[in-house]
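Undergrad: Following is a predicted model, sequence given first.
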Amino acid sequence: AKVYGVVFALLKNTTGNAFNIGFLWEEFKSGGIFYGGAIAGLVFSFFYLRKYFRGNEWKVADITVIGVALGHVLGRIGCFCAGCCYGKVTDLPWGVKFAFHSGKPHEYMNAFVHPTQIYEAVLNLLNFFILLLIWKKRKFTGQVFSLYLINYGIIRFFIEVFRNDGGRGYLLKVGHPVIFLSYPQLISIILIAIGITVLVKRARESKEMVDTFS
């Protein structure tokens with residue numbers, strides 16, 4: 001998660017200060033970025049499950065992501081308490097003010113901002129219940145895992161529209177503030193594509209297996 005933050009800080013800052021050791025050290029001392037940990041976890045889990053749970057890897061993956069969705073709820077509540085991962089300035093009645101961020105006065109301490117941490121916590125909680133329901137009624141292994149990728153990809157893509165902390169970086173940012181593509185949104189698109197691919201592939205394999213033994 002920390003390495004991800006440093007890498008994308010370098011991508012975001014193409015000027016000379018991006019290679020300042022102090023700048024990178026400050027980035028590395030941060031709490032890390034969820035997508036960094038998630039990507040590393042997916043890569044590690046792929047090889048670990050294939051080695052130690054061969055034949056049951058999809059079932060283990062299905063069970064695991066349900067807990068990941070619930071854990072992410074707690075993680076975003078932690079973000080809210082820390083004042084990080086905050087949203088854009090808003091005049092909506094549920095806008096919030098943060099006094100501090102990482103022990104320093106918050107950049108937007110005098111403005112109301114979208115509580116994007118709470119938005120994501122609520123959506124992740126909803127995702128948890130959806131995955132739990134699907135687990136009980138799943139038709140094939142891998143179904144819950146693939147839907148987690150799709151659901152979270154959609155959640156994060158949506159949340160990015162309201163985020164305002166600059167640490168994520170942008171692949172595209174032109175014209176109207178809604179017309180942009182942040183790096184997390186790019187990863188969200190990739191996750192959704194992977195989830196759909198896995199869902200279709202596992203459904204087809206399950207049907208072929210049923211046809212074989214029917």
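TA: Thanks, I have it. Numbers count the residues shown, from 1 in each chain.
Undergrad: use CA for all of it now, contacts and neighbours both
TA: OK.
Undergrad: how about the strands of this structure, start to end?
TA: 100-101, 104-105, 170-173, 180-182 (DSSP state E).
Undergrad: Of all the residues in the third one, which ones are buried?
TA: By neighbour count on 16 or more other C-alpha atoms under 10 Å, the buried set for strand 170-173 is Tyr170.
Undergrad: Give the pairing partners of it; include direction for each.
TA: Strand pairing for strand 170-173, determined by DSSP bridges: strand 180-182 (antiparallel).
Undergrad: Now do the same for the partner strand: mean pLDDT, whole number.
TA: Averaging pLDDT along strand 180-182 gives 81.
Undergrad: Pull the distance from it to the chain's centre.
TA: For strand 180-182, the separation from the chain centroid amounts to 15 Å (computed by C-alpha atoms, centre = their mean, to the nearest Å).
Undergrad: cool, and stretch 85-104?
TA: On the basis of C-alpha atoms, centre = their mean, stretch 85-104 sits 20 Å off its chain's mean C-alpha point.
Undergrad: for stretch 106-113, which positions count as buried?
TA: Judged by neighbour count (16+ other C-alpha under 10 Å), stretch 106-113 contains these buried residues: His106, Tyr108, Ala111, Phe112, Val113.
Undergrad: Ok, stretch 56-74 next?
TA: Of all the residues in stretch 56-74, those buried under the rule 16+ other C-alpha under 10 Å are 57-63, 65-66, 69-70, 72-73.
Undergrad: Check stretch 133-146 too.
TA: Trp135, Phe140, Thr141, Gly142, Gln143, Val144, Phe145, Ser146.
Undergrad: Now render the residues you listed as JSON lines, adding pLDDT and distance to Val198.
TA: Formatted as JSON lines, the buried residues of stretch 133-146 follow (pLDDT from 0 to 100; distance: C-alpha to C-alpha, whole Å):
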{"residue": "Trp135", "pLDDT": "95", "distance to Val198": "16"}
{"residue": "Phe140", "pLDDT": "94", "distance to Val198": "11"}
{"residue": "Thr141", "pLDDT": "92", "distance to Val198": "10"}
{"residue": "Gly142", "pLDDT": "93", "distance to Val198": "7"}
{"residue": "Gln143", "pLDDT": "96", "distance to Val198": "8"}
{"residue": "Val144", "pLDDT": "96", "distance to Val198": "10"}
{"residue": "Phe145", "pLDDT": "95", "distance to Val198": "9"}
{"residue": "Ser146", "pLDDT": "96", "distance to Val198": "6"}
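Undergrad: hang on, the earlier thing: and the strands of the chain: which comes nearest Pro93?
TA: Minimum separation from Pro93 across these (C-alpha to C-alpha) falls at strand 100-101, 20.9 Å.
Undergrad: Out of the buried residues of stretch 133-146, which comes closest to Gly83?
TA: The closest of the buried residues of stretch 133-146, once distances to Gly83 are taken by C-alpha to C-alpha, is Phe145, at 30.6 Å.
Undergrad: can you pull the contacts of the closest one?
TA: With contact taken as C-alpha atoms under 8 Å, 6 or more residues apart in numbering, Phe145 is in contact with Trp58, Ala61, Asp62, Val65, Gly195.
Undergrad: Kind regards, and thank you for your time.
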